[in-house]
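Chemist: What shape does this take:
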Amino acid sequence: MSSEITKSNLKVLIVGGGIVGLTLAQGCRENDIEFEIVEKDEHGKRAQGWAITLHAAVDPSLNDDDGNFLFLNARTASPRYKIPPSKLRRRLDRQKIRNVLAADLDIHEGKGLTSISPASDPDLVTAEFSDGTTSNATLIVGADGNNSVTRKCLFNGSEEANLTKLPVYCIGVVRPFTEEQISSVRAIDPLLFQGLDPETGSYMWFSLQEIITKDNGSKSYKGLVVFSWLIKDEVADAMPKTDAERVAYIKKRTEGFAEPLRSIVTGIPEDITTTPLRLSDFATKEWDNWGGKVTLVGDAAHAMTMYRGEGANHGILDAALLVDQLKKVKAGEITQKEAIDAYEAEMRPRAHEAVLKSRQAALDAHDWDVLTENSPIIGGRIAPKTAFI
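Modeler: Presented below is the predicted three-dimensional model:
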């Protein structure tokens, strides 16, 4: 299934309208590379998660990151480790950054990928969608997230495409705060912090999600609270079934937390919507890219846990480096197969290492005794390294 596709007939089909897929689409648009982008969810129905942390390539003219990256003893609220502020690090709301990236793009929504097959033209592949339509392209790029259908197609539906389940449960909520409630929390750190109960292994993350200025000048706040624990016993450590039960569960498990950490949890409304997760990842491996006609980016290629905050960084880099290769195809310097092979050769080892570090960080985050300043959960975050720059 070799490909000699060159500049004359290059067309990219991007499957997935998340942050990485949109970044890739914008890169194609800016470089006059023909593309189409599809998204399985319809407008307003796509869940974008909570926030992302960018560790590099952030405009230095933006406000400084004036917070410390604290890891606290949850029983005393005292810091065990601290990573100093960085002008390169920025915490961004996922939905807001997606809205920016979607500007000027024609996203075909309600089109979930169901299959990929060779087209009658040997230079093309055909994607079939849940609405019964099809689309042909010289290159299909799966940017369709953790449970990527594109990845399943590349592995012919085998277990090789499956995520690896990790022994960690997680509950996330975005809860409201008044100015009075948030003041003691932001006294610890104005942006974010994390903590662990040494006795129970209960982990908590807090980050400021949004500041809302009202007409009268007063402010209200939204904060992200993520609570997680190791699954040592599938029954005893099972995930509660309802939102109310999940809120009650984390309130019970944080009874030994010091203030204001305890109040962050006890102040969660009982009727709030929660997001329950069984953590999993996908350590990047070799796949058949159909002679350079199908590849993966972002979580589809390297799903990782959030404990190092690196997933989006690697995904955005994937998109940028893939565009760099496609520019060479458009310029007639290399074939599409050469471009995709080069992209994957750089991405795989970089992303594989990142997935494993994030996996270890997820485990270390719940074990006080193994934590050191060199643990992946603590160690400083830097820009992903690449062979191209």
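Chemist: hang on, isn't residue 121 packed against residue 137?
Modeler: No: between residue 121 and residue 137 there is no contact under Cβ atoms under 8 Å: 10.7 Å. To be clear about C-beta, it is placed using only N, CA and C from the backbone, and glycine gets the same treatment.
Chemist: Who has more neighbours out of these two?
Modeler: residue 137 (24 against 11; other Cβ atoms under 10 Å).
Chemist: which ones are touching that one?
Modeler: 11-13, 36, 124-125, 127 (Cβ atoms under 8 Å, 6 or more residues apart in numbering).
Chemist: and if you look at residue 83?
Modeler: 68-70, 378, 380.
Chemist: Could you name the helices and strands sitting against the longest helix along the chain?
Modeler: Ordering each helix of the chain by length in residues (DSSP state H) puts helix 336-364 first. Applying 3 or more Cβ pairs under 8 Å, 6 or more residues apart in numbering; DSSP states H and E, we find helix 336-364 packed against strand 164-177, strand 275-281, strand 294-296, helix 299-302, helix 311-330.
Chemist: how far is the longest one from where the chain is centred?
Modeler: Pointing back at helix 311-330 there. 16 Å (Cα atoms, centre = their mean, to the nearest Å).
Chemist: Alpha carbons of that helix, as CSV, please.
Modeler: Provided in CSV are the C-alpha atoms of helix 311-330 (Å, rounded to 0.1, in the frame of the first residue of the first chain):
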residue,chain,number,x,y,z
GLY,A,311,-1.1,15.6,27.2
ALA,A,312,-2.2,18.7,25.4
ASN,A,313,1.3,20.0,25.0
HIS,A,314,2.4,16.8,23.2
GLY,A,315,-0.8,16.9,21.1
ILE,A,316,-0.3,20.5,20.0
LEU,A,317,3.3,19.6,19.1
ASP,A,318,2.1,16.6,17.1
ALA,A,319,-0.1,18.9,15.1
ALA,A,320,2.6,21.5,14.5
LEU,A,321,5.2,18.9,13.4
LEU,A,322,2.8,17.1,11.2
VAL,A,323,2.0,20.4,9.4
ASP,A,324,5.7,21.0,9.0
GLN,A,325,5.9,17.7,7.2
LEU,A,326,2.8,18.3,5.1
LYS,A,327,4.3,21.7,4.0
LYS,A,328,7.2,19.7,2.5
VAL,A,329,4.8,17.5,0.6
LYS,A,330,3.0,20.5,-0.7
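Chemist: Compute the inter-axis angle for that helix and strand 275-281.
Modeler: 60 degrees (axes from the mean of the first three to the mean of the last three Cα atoms, to 10 degrees).
Chemist: what about the helices in this protein?
Modeler: 19-30, 94-101, 149-154, 179-188, 243-253, 261-266, 299-302, 311-330, 336-364.
Chemist: quick one: which of these is nearest residue 108?
Modeler: helix 19-30 (11.2 Å; Cβ to Cβ).
Chemist: Show residues contacting the closest one.
Modeler: Under Cβ under 8 Å, 6+ apart, the answer for helix 19-30 is 12, 14-15, 33-35, 37, 39, 48, 52, 94, 97-98, 101-102, 104-105, 141, 143-144, 297-299, 312, 315-316, 318-320, 322-323, 326.
Chemist: Is it possible to mark the buried ones in those?
Modeler: Those of the contacts of helix 19-30 that meet the buried threshold are 12, 14-15, 33, 35, 37, 39, 52, 94, 97-98, 101-102, 105, 141, 143-144, 297-299, 312, 315-316, 318-320, 322-323, 326, by 16 or more other Cβ atoms under 10 Å.
Chemist: hmm, back to that, pick the one among the contacts of residue 137 closest to residue 193.
Modeler: So of these, ranked by how close each gets to residue 193 (Cβ to Cβ), first place is residue 12, at 40.8 Å.
Chemist: Just give the closest residue to that closest one, not the sequence neighbours.
Modeler: residue 35 (4.3 Å; Cβ to Cβ, 6 or more residues apart in numbering).
Chemist: could you measure the one you found against residue 287, distance?
Modeler: Noted for residue 35: a distance of 22 Å to residue 287, by Cβ to Cβ, to the nearest Å.
Chemist: next one: residue 234
Modeler: For residue 234 relative to residue 287 (Cβ to Cβ), the value is 31 Å.
Chemist: Please say which of these two ends up with more neighbours.
Modeler: Using other Cβ under 10 Å, the more surrounded residue of residue 234 and residue 287 is residue 287, with 19 against 8.
Chemist: Surely that one is in contact with residue 154?
Modeler: Yes: Residue 287 lies in contact with residue 154 (Cβ under 8 Å); the separation is 4.4 Å.
Chemist: list residues touching both of these two?
Modeler: residue 296.
Chemist: Could I get the CA-only coordinates of stretch 216-224 as PDB?
Modeler: Provided in PDB are the C-alpha atoms of stretch 216-224 (Å, rounded to 0.1, in the frame of the first residue of the first chain):
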ATOM      1  CA  ASN A 216     -22.000  45.600  41.000                       C
ATOM      2  CA  GLY A 217     -18.200  45.000  40.900                       C
ATOM      3  CA  SER A 218     -18.200  42.000  43.200                       C
ATOM      4  CA  LYS A 219     -16.700  38.700  42.100                       C
ATOM      5  CA  SER A 220     -17.600  35.100  42.200                       C
ATOM      6  CA  TYR A 221     -15.400  32.200  41.400                       C
ATOM      7  CA  LYS A 222     -15.400  28.700  40.000                       C
ATOM      8  CA  GLY A 223     -12.800  26.200  41.100                       C
ATOM      9  CA  LEU A 224     -11.900  22.800  39.800                       C
END
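Chemist: Please parse this protein into its domains.
Modeler: Domain ranges of the chain: 7-58+91-163+282-366, 165-279, per automatic domain parsing.
Chemist: Good, we can wrap up now.
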